[in-house]
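all I have is the shape, not the residue letters:
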């Protein structure tokens, strides 16, 4: 009796094993074609399998594998996704193939980029995106390639996709902000860099570019506040200081501009633009004192006050000379600078030097 029970159990076990091992004939045929490397016929069988058995995870996985062999990337990615929706039985195999093909195409994209073949790089990187849309590296590199091709809108889209995948990657958000800045979309740049500061409140690139953006928008007060904020972390940044000073120059607050620019010149003695700006600011201050003195003289004003104003004017002309001479020692072929230097020389009482400077300016004009 016991013997019979075991015999029945054995039959049940065999039947169960047979049922578990059973698979659609289309999959069986496809596997045979796969062993023969006949991927076209394998695809025919597997396409039938997924139509007939849409809930069969293996059929979708194998069809994705076959599509991958034929470089039909979008279809491969779709079938892998369908397989994973049903269950995770083939998750490791799917990851293997995604990684394999992604690496091949991503590396090819980088290689072509380094060879300055931007179109080819974009093509390979877009393929990498199709193969594995969850890899942010593809989008980041794709964005840079688009920038090189001057396809800025496409670059922004690529950056947005990268951020969707990895929303806390500061460098990507920064680069998108810089791209907006290059596109003269300063409001978008500001909003993008504000997102950087939410993640990294001390990010110097974000802080400084917000300042530059407000400046370019002509929002002077916001720009000044942003520059002051940026200079807290980068007190010696020449670009920040120069642009910060320029805002005060535009507001005709020349003394404030000078106080900022002199720091630039102190750190960078050969900063031509800063030397010119300091010299020009002193000239404008001198002209203001001179005009006030002349007006007061014409109105019969106080002689002492007139003398005081003219003394201040001469002092400012002499300070202008100091910076303008350093500027022309760096670059001596700009007629307007020699003319301004001549004005400063004459008003400082150096008539001979002034005459020579005017002659130099005229000679340069004729060239």
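Good, I have the coordinates. Note that the structure is predicted; figures quoted are calculated from it, not measured.

for residue 344, what are its contacts?
By CB atoms under 8 Å, 6 or more residues apart in numbering, the contact set of residue 344 is 279, 283, 286, 317-318, 320-321, 324, 354. C-beta here means a position set from N, CA and C on the backbone, and glycine is covered the same way.

from these, list just the buried residues.
Among the contacts of residue 344, those buried by neighbour count (16 or more other CB atoms under 10 Å) are 279, 283, 286, 317-318, 320-321, 324, 354.

out of the helices and strands in the chain, which is least certain?
Lowest on mean pLDDT, DSSP states H and E among the helices and strands of the chain sits helix 2-21, with a mean of 38.

which one of the contacts of residue 344 sits closest to residue 45?
Nearest to residue 45 out of these is residue 279 (CB to CB; 83.1 Å).

among the contacts of residue 344, name the ones in helices.
Using DSSP state H, the members of these that fall within helices are 279, 283, 286, 317-318, 320-321, 324, 354.

now the contacts of residue 344 as CSV including pLDDT and distance to residue 86?
Converted to CSV, these look like this (pLDDT from 0 to 100; distance: CB to CB, whole Å):
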residue, pLDDT, distance to residue 86
279, 96, 76
283, 97, 79
286, 96, 83
317, 96, 85
318, 97, 86
320, 96, 80
321, 97, 83
324, 96, 78
354, 95, 90
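
what about the helices in the stretch 51-200 of the chain?
Ranges of helices in the stretch 51-200 of the chain, per DSSP state H, counting those that start in this stretch, are 57-69, 73-86, 91-114, 118-131, 136-148, 152-165, 170-182, 186-199.

deepest-packed of the ones you listed, please.
Stretch with highest mean neighbour count among the helices of the stretch 51-200 of the chain: helix 57-69 (a mean of 24; mean count of other CB atoms under 10 Å).

so is residue 252 in a helix, a strand, or just coil?
What DSSP: H, G, I helix; E, B strand; the rest coil gives for residue 252 is coil.

can you name the residues that contact it?
Residue 252 sits next to residue 284 when contact means CB under 8 Å, 6+ apart.

try residue 143
For residue 143, the contacting residues are 155-156, 158-159, 162, 175-176, 179, by CB under 8 Å, 6+ apart.

then residue 320?
Residue 320 sits in contact with 279-280, 282-283, 286, 340, 344, where contact means CB under 8 Å, 6+ apart.

count of neighbours near residue 247?
Neighbourhood size, residue 247 [other CB atoms under 10 Å]: 20.

now the helix or strand in which it is found, how far from the centre of its chain.
Taking DSSP states H and E as the definition, residue 247 sits inside helix 238-250. Relative to the chain's own centre, helix 238-250 is displaced by 23 Å; criterion: CA atoms, centre = their mean, to the nearest Å.

list the buried residues of that helix.
Residues 238, 240-249 are the ones in helix 238-250 that count as buried (16+ other CB under 10 Å).

equivalent analysis for stretch 218-235, please.
Neighbour counts using 16+ other CB under 10 Å place 219, 222-224, 226-227, 230-231 of stretch 218-235 among the buried residues.

find the nearest non-adjacent residue to residue 130, please.
Spatial nearest neighbour of residue 130, excluding adjacent residues (CB to CB, 6 or more residues apart in numbering): residue 73 at 4.5 Å.

relative to residue 39, how far out is that neighbour?
To residue 39, residue 73 is 14 Å away according to CB to CB, to the nearest Å.

also residue 149?
Distance from residue 149 to residue 39, counting by CB to CB: 35 Å.

looking at those two, which one has more neighbours?
More crowded of residue 149 and residue 39, by other CB under 10 Å: residue 39, with 19 against 14.

okay, now the unreliable bits of the chain?
The chain contains residues with pLDDT under 70 at 1-22.

returning to that earlier point: hmm, residue 131 and the residue nearest to residue 130 touching each other?
Yes. With contact defined as CB atoms under 8 Å, residue 73 reaches residue 131; the gap is 5.3 Å.

quickly list what's touching both of the two.
Counting by CB under 8 Å, 6+ apart, the shared contacts of residue 73 and residue 131 are residue 101.
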